[in-house]
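K.L.:
Here's my sequence, what's the structure:
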Amino acid sequence: MSDRLILPVLPLRDVVLFPGVTAPIGAGRPMTIKAIEAALATPEKLVFAVAQRENVEQVASEGLYRVGTIKASELGGLYRTMPWTAGFCIVGSASISAFPLLSGFVTKSMILSAALEDGRWVAYVLLLVASAAVVDHSGIKVPFFAFFSHDSGKRPKEAPANMLAAMGLAAALCLAIGLYPQPLYDLLPHPVAYSAFTGSHLLTQLQLLLFAVAGFVFLYRRGWYPVEVPAINLDSDWTYRWLLPRTWWRGAQVATRMRHRAVPLRDRIQLRLRLLQGGAGREPPGPGVPSHMIWRPLLTFEQVLMDLPLASSTAPGYGHDYDADVPRAWLEIIRPHGWERDRTERMLQILDP
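P.N.:
Numbering: from 1, shown residues only. Below is the predicted model:
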């Protein structure tokens, strides 16, 4: 069992802190001030927890919202302090795995039988494979690694009474539907004449469960079962937050390239040869362009780019000179009282004679 770390706790009222966000915290109660002073006097950290009620002067541990971890790789051995939660979890996992006498044994078999009778073999095989995967993941891995397996050293208290009541009710429904499914049949929109407790169904489901459990036990005892790796499961919002935007922009880039590639191959080869040989300069030059000027890819572009910052004027017909427009723009914005347009023209003649 790992050593416990004792830290000062500061109950919060009317405020929730988020990682990496600076927020003001009011401290006026003596116990709160002592907790802050204790944290400042030592290199240890200060724990912030949200109080369930605001009007309680002295907040005990029961008055704080419980916190924990969602990383299954950090759990293990929780059955020692959470036996009821472990039992309810096992019932739910067995029901999801379609263990006989539980609800999943009835409901999953109805779906599989309907797919098989309707001739949907692909859907039937995929559902059967998915059922085997669910047995390994939800029926074995979740309860085993969370409540048994190695001892993580965590000793949390049993779940609150309201949570235990909800889990107990769900476990009771799993048993009730598995033992007597007729009330569930009555809720369906069409009459149902189906019996899940047939010899073939019991044999098939028990084979699936037993072989899955046997395979897990064999791999785990041999040390061949994949070890627990700290990781994060991607939620469905990853598809439209990260994947779809990048797929859209990548598709747009590919479409743009394909559009340019629609030019006939012969024309593209001739254009590249002309650019490499400076052939673009053999065309009739524009007005004012020296006849001896030859366009060289990259080289001429860099020369023109370096000349642009030094260019102070533009020849007539080759562009626009904005030097004279700057004072006009400022005069339109901050026109002095009594200013006349002819004075603007005289000022421009002085600035640019």
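
K.L.:
In three-state terms, label A171 for me.
P.N.:
helix (DSSP: H, G, I helix; E, B strand; the rest coil).

K.L.:
Could you tell me the model confidence score at the closest residue to A94 other than its chain neighbours?
P.N.:
Nearest residue to A94 in three dimensions, chain neighbours excluded: L102, at 5.7 Å (Cβ to Cβ, 6 or more residues apart in numbering). In short, each C-beta sits where N, CA and C put it, glycine included. L102 carries a pLDDT score of 91 in this model.

K.L.:
Tell me how many other residues crowd L102.
P.N.:
24 (other Cβ atoms under 10 Å).

K.L.:
do Q205 as well
P.N.:
22.

K.L.:
Kindly report the same for the one 4 residues further on.
P.N.:
The number of residues packed around L209, counting by other Cβ under 10 Å, is 21.

K.L.:
Distance check, it against Y225.
P.N.:
Plainly put, L209 is 18 Å away from Y225 if you go by Cβ to Cβ, to the nearest Å.

K.L.:
now E74
P.N.:
18 Å.

K.L.:
And R246, by the same measure?
P.N.:
35 Å.

K.L.:
Between those two, tell me which one has more neighbours.
P.N.:
Y225 (14 against 9).

K.L.:
hang on, isn't that one packed against V217?
P.N.:
No - Y225 lies out of contact with V217 (Cβ atoms under 8 Å); the separation is 9.3 Å.

K.L.:
per-residue pLDDT, P43?
P.N.:
Reported pLDDT for P43: 69.

K.L.:
same thing with L273?
P.N.:
57.

K.L.:
With T22 instead?
P.N.:
T22 is assigned 71 on the pLDDT scale.

K.L.:
residues in contact with the spatially closest residue to I90 that is not a sequence neighbour?
P.N.:
Nearest residue to I90 in three dimensions, chain neighbours excluded: P143, at 5.1 Å (Cβ to Cβ, 6+ apart). Listed by Cβ atoms under 8 Å, 6 or more residues apart in numbering, the contact set of P143 reads 86, 89-90, 93.

K.L.:
Please, which helix or strand holds P143?
P.N.:
helix 142-147 (DSSP states H and E).

K.L.:
Then A98?
P.N.:
Here A98, judged by DSSP H and E, is contained in no helix and no strand.

K.L.:
got it, and the one 10 residues further on?
P.N.:
In the assignment (DSSP H and E), K108 maps to helix 103-117.

K.L.:
Who are the packing partners of that helix?
P.N.:
Here helix 103-117 touches helix 83-96, helix 121-134, helix 161-179, helix 182-187, helix 199-222, going by 3 or more Cβ pairs under 8 Å, 6 or more residues apart in numbering; DSSP states H and E.

K.L.:
how about the nearest residue to G215 once chain neighbours are set aside, secondary structure?
P.N.:
Leaving aside its chain neighbours, G215 sits nearest to D136 (7.9 Å; criterion: Cβ to Cβ, 6+ apart). Secondary structure state of D136, per three-state DSSP, is helix.

K.L.:
Report the contact partners of D136.
P.N.:
Contacts of D136 by Cβ under 8 Å, 6+ apart are 212, 215-216.

K.L.:
Highest neighbour count among those residues?
P.N.:
A212 (19 neighbours).

K.L.:
While we're on the residue lying closest to that one once chain neighbours are set aside, how confident is the model there?
P.N.:
In space, and not counting its chain neighbours, A212 is closest to V135: 4.3 Å by Cβ to Cβ, 6+ apart. Confidence at V135, expressed as pLDDT, is 83.

K.L.:
Alpha carbons of stretch 120-135, in CSV - could you do that?
P.N.:
C-alpha atoms of stretch 120-135 as CSV (Å, rounded to 0.1, in the frame of the first residue of the first chain):
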residue,chain,number,x,y,z
ARG,A,120,-29.0,-10.3,-42.9
TRP,A,121,-25.9,-12.5,-42.6
VAL,A,122,-23.4,-9.6,-42.6
ALA,A,123,-25.2,-7.8,-39.8
TYR,A,124,-25.5,-11.1,-37.9
VAL,A,125,-21.8,-11.9,-38.1
LEU,A,126,-20.8,-8.3,-37.2
LEU,A,127,-23.2,-8.3,-34.2
LEU,A,128,-21.8,-11.7,-33.1
VAL,A,129,-18.2,-10.4,-33.3
ALA,A,130,-19.2,-7.3,-31.4
SER,A,131,-20.8,-9.4,-28.7
ALA,A,132,-17.5,-11.3,-28.2
ALA,A,133,-15.6,-8.0,-28.0
VAL,A,134,-18.1,-6.6,-25.4
VAL,A,135,-17.5,-9.7,-23.3
